[in-house]
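Colleague: What follows is a predicted structure for the sequence shown.
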Amino acid sequence: MIATAWRVIGVGFSLLVVLTAALLYGVEPQQTAFTHGARVGRDVFITFDLRTDDLTVLMLAVVGVVSACVQVYSIGYVRERIASYTALVTLFTAAMVTVVVADNLFLLLIGWEVMGACSYLLIGHYWERRDARSGAMKAFLMTRLGDVGFLFGIFVLGLGYGTFKISELGESPISSGTLTTGTLLLLVGVVGKSAQVPLQTWLPDAMPGPSPVSALIHAATMVAAGVFLIARLYDVFTAAATTLTVLAIVACVTMLFAALCAMAAVEVKRVLAWSTVSQLAIMFAGLSLGTSDGRHAALFHLTTHAAFKGLLFLCAGVLLHEVGTAAFVVLRRYTRRGALRKAMPVTFVTMTIGLASLAGVPGFAGFFSKDAVVEAAWLHARDGSTLGWVVLVSVCLTAALTAFYCVRLWLWVFFRTPALAGALGAFEDDDPMVDAEEPDTSKLHDPSWLMLGPLVLLAVGSIGLGYADGVHLNWGVALVTTVLALLGALPAYSLWQRGADPRPVVLEREFGVDQAYYRIFAVPVRWSAQLAVAGDRDVIGAYVRAAGRTGTLASQGLRRLQTGNAQTYLTAAVIGVIALAILAGVIGS
Amino acid sequence: MPLVLPLLLAVLLFCIGVYGVLARRNAITLLMSFELMLNAVNLNLVAFDAWRLDGLATGQTLAVFVITIAAAEIGLGLAIVLLLFRGHGHVDVDAARDLVEVDHRVETIDRAEKGTDR
Amino acid sequence: MTTALFSIAGAMAVVAAVLVVTSRRIVHAALWLVVALGAVAGCFGVLHAEFVALVQILVYVGAIVVLVLFAMMLTKAPTNPLPGLTTGRSPFAAAVALVLALILGTGVVVAFGNEKVKPVPAGSAESVGNAVFRSWVLPFEVLSVLLLAALIGAIVLSQRSGRLSEPSEPVSGAEGGDD
């Protein structure tokens, strides 16, 4: 009953967001202050202003549609703790809406932090599982690390400009040092929230959360909030050249790094997680160009990415729901019997559309949006910008790598390899006995239409959104990216055909970043924790215990005096009398 | 006759009595030592009476009282000694430790070991 | 004359007292107690407290020592020398007694070193009688009540059986049956 009520509220709220976006579409940008605000310092006001403009409308639409899809999908997907789950997703949506419509940095911060909290709680939805618990904790701590920088960035920028209103930022002059410091600090928060290098490791580890949550929070909206923030404060960021350079370097490193990691991942959701990191980096690369083309391309990519990545995560959720796991090795067991594709045709088709869009197959939405980024970079590079060249090369390389892991995922999950023995052993290295039992393929089928509906809707978006912006194609760029995608796809195909899946150890271990972080941060923290425990137990506790033990020992000693022998008592009494007499004599004399 | 003479005799008797009370094992010897101490007190009383000569013979009267009380005390004391003997089979004061606080656990074990001791 | 007599009686008393507390045979100790008490009675006599001296002999030698001897008989006191005469604390007890003697003796000498006892030739049984039945009649009656109480107490204590603590359990019978 409560669960049903929450489901109604959740879906209704998402639809309300979509409706709001629709109503606001085309309306003149405006700001509204709905409280009087509070005075901080001499003349700085913290107000709770709202604003609506194109960016707000775009983000509202994205958030509303994806969260509506996720809410509907979750009705079929989530089985336990429905009320808390739905409530948290709804709260998350509300927080994202707050971020999107805020015209005040502090209001934005509130939404930003609530999103982080919801993310933590939803990753830990299956809190019975150890990996979910530790993943939630990791996500929380790493985004928190970034949020510290974010908070101080707000202070620096707000005090520098003398206002915390976003629409008034950049109006008054400000020293370049303050500007650079403030934007760099904001960038720290953005990097944490969007899982860019060096705070990238939490996002792949957040995958034990429910798949719809991964789709909504860790693919479509929350991690894109960093992109949104920079787009919102674009005037401020473009004024700080150093920050943009840092952003470009971070984005380029991240997109290649994450794409390489995705190439070696052996679990569908992990591939998608790394892919998300990589695609977010592409958006940041577009933003880091500092041109309006770049911003437009980044937001375009954000929109299409929300559609196709949400779709892919929901498809992975279907696999999890039906098969019980999204690990390649298990999925292959079904595929070798030719079951997976035939049993779940809708899932197969929608996932194919999503992967094609992600890989940048011409005609799909991802193709157009990625090309927009490449084109913006090309235009910038043509103007003589080294940064433009770096971004251009990185995005092109990433396009090839993306095509590789998309094709790899698609082929290995859905198709029987023509190689001998069905390529047994490609993923079974870890556990040779894993194939001992044959899976029961008879019960495999597409899920209910509650879950398939969102898939189809998002699949339509994954194709159609590419044309929403008006078809604008630079044939040269399109040709280059298509060729690059083919270059990436062909090795994947040939490897699959030979039934081999070589995974370099360095990629499987994701460049050892997690281990390094573990050694650098977790181990010393653990040491100091052990030190604190030892200090508490052996130093502070020692005093406490010593107090008790002294009492015990003293009483044991005193107890020995009680021999039960009256003569001893009498002797003591006589000695006492003598002592008193001597004392009296000494005092009296 | 100097007054210190009886007083010193009283001191000596009293201290010999103290030694007897503190050192001897036998309860009856203890009682006898008590008598020595009481006699020392009596000696004091009589000596001071002879010294002061108040005409009321207070010291002597008190000495008689003390002797009476000593009789009462020895009667009770011997009754206690008999009780001790009946309970323990001996009159060794040093071995009579009924006043000691005993762990119930230990006591139970002791009782089990002794068995028919009572 | 009196000093000499007193000294002789006192020396006897001290020697006898020392023998009381050191004698190995407990019956001998009781007999030495008779000597000591008799010597003290002599001291009383020298100090012109003839009535007290008589009471001393009557009560102590006549009653108390007899009681003590009875007690020895009832407690099956051995007549042979006792092996464990004193406790382990006896040197300590001796030291304590010695220190006490030193302190008291010093105190007595310092306080009364120059005082003399004037010789009073007449016996004073009359004055004692007057004192007891005039000035001290109330304490005398109280004392009689005390004696009664002591008598009753001694009877009650004698009526008790064995241990003062808890009653014994029938352990032996049960264990015997098991074995």
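Modeller: In hand now; what should we look at?

Colleague: So A:Leu145, which state does it fall into?
Modeller: State at A:Leu145, reduced to three classes by DSSP: H, G, I helix; E, B strand; the rest coil: helix.

Colleague: Count the residues that sit near it.
Modeller: A:Leu145 is surrounded by 17 other residues when neighbours are defined as other Cβ atoms under 10 Å in any protein chain shown. (Glycine included, C-beta is placed from N, CA and C.)

Colleague: is it true that it touches A:Leu199?
Modeller: Yes - here A:Leu145 lies in contact with A:Leu199, judged by Cβ atoms under 8 Å, at a distance of 6.6 Å.

Colleague: tell me the SS of the closest residue to chain B within chain A?
Modeller: Using Cβ to the nearest Cβ, A:Gly564 is the residue of chain A that sits closest to chain B, at 2.7 Å. For A:Gly564, the secondary-structure state derived from three-state DSSP is coil.

Colleague: Return the residues in contact with it.
Modeller: Taking Cβ atoms under 8 Å, 6 or more residues apart in numbering or on different chains as the criterion, A:Gly564 is in contact with B:Ala96, B:Arg97, B:Asp98, B:Leu99, B:Val100, B:Glu101.

Colleague: Ramachandran angles for the fourth one?
Modeller: Yep, that's B:Leu99 we're talking about. The phi/psi pair for B:Leu99 (degrees, to the nearest 10) reads phi -80, psi -10.

Colleague: Now for A:Ala264: which residues touch it?
Modeller: When contacts are counted by Cβ under 8 Å, 6+ apart, A:Ala264 is found next to A:Arg503, A:Pro504, A:Leu507, A:Glu508, A:Glu510.

Colleague: How about the third one: what's its closest non-neighbour residue?
Modeller: The shortest distance from A:Leu507 to any residue that is not its chain neighbour, by Cβ to Cβ, 6 or more residues apart in numbering or on different chains, is 3.6 Å, and that residue is A:Ala264.

Colleague: Same check on the first one?
Modeller: Among residues not flanking A:Arg503 along the chain, A:Ala264 sits closest, at 4.3 Å (Cβ to Cβ, 6+ apart).

Colleague: measure that neighbour to B:Thr61 for me?
Modeller: A:Ala264 sits 117 Å away from B:Thr61 when distances are taken as Cβ to Cβ, to the nearest Å.

Colleague: Now the element after the helix or strand A:Ala547 falls within, going C-ward?
Modeller: With elements taken from DSSP states H and E, the one containing A:Ala547 is helix A:541-561. Toward the C-terminus, helix A:541-561 is succeeded by helix A:566-588 as the next helix or strand (DSSP H and E).

Colleague: Packing partners of that next one?
Modeller: Using 3 or more Cβ pairs under 8 Å, 6 or more residues apart in numbering or on different chains; DSSP states H and E, the elements in contact with helix A:566-588 are helix B:4-23, helix C:90-112.

Colleague: Could you look over these and pick the most buried one?
Modeller: Mean neighbour counts were compared across the helices and strands packed on helix A:566-588 using mean count of other Cβ atoms under 10 Å in any protein chain shown; the top stretch is helix B:4-23, at a mean of 25.

Colleague: check whether that helix contacts chain A.
Modeller: Yes - judged by Cβ under 8 Å from any Cβ of the partner chain, helix B:4-23 and chain A are in contact via B:Val18, B:Val21, B:Leu22.

Colleague: Distance from the chain centre to that helix, please.
Modeller: Averaging C-alpha coordinates over helix B:4-23 and over its chain gives two centres that are 13 Å apart (Cα atoms, centre = their mean, to the nearest Å).

Colleague: thinking again about what came up before, which of the contacts of A:Ala264 tops the neighbour count?
Modeller: Using other Cβ under 10 Å as the neighbour definition, those reach their maximum at A:Glu510, which records 21 neighbours.

Colleague: Does that one touch A:Pro204 like I think?
Modeller: Yes - using Cβ under 8 Å as the test, A:Glu510 is close enough to A:Pro204 to be in contact (7.5 Å).

Colleague: got any residues that touch both of those two?
Modeller: A:Cys261.

Colleague: Flag every residue of chain B that's near chain A.
Modeller: Checking chain B against chain A by Cβ under 8 Å from any Cβ, the hits are B:Val18, B:Val21, B:Leu22, B:Val93, B:Asp94, B:Ala96, B:Arg97, B:Asp98, B:Leu99, B:Val100, B:Glu101.
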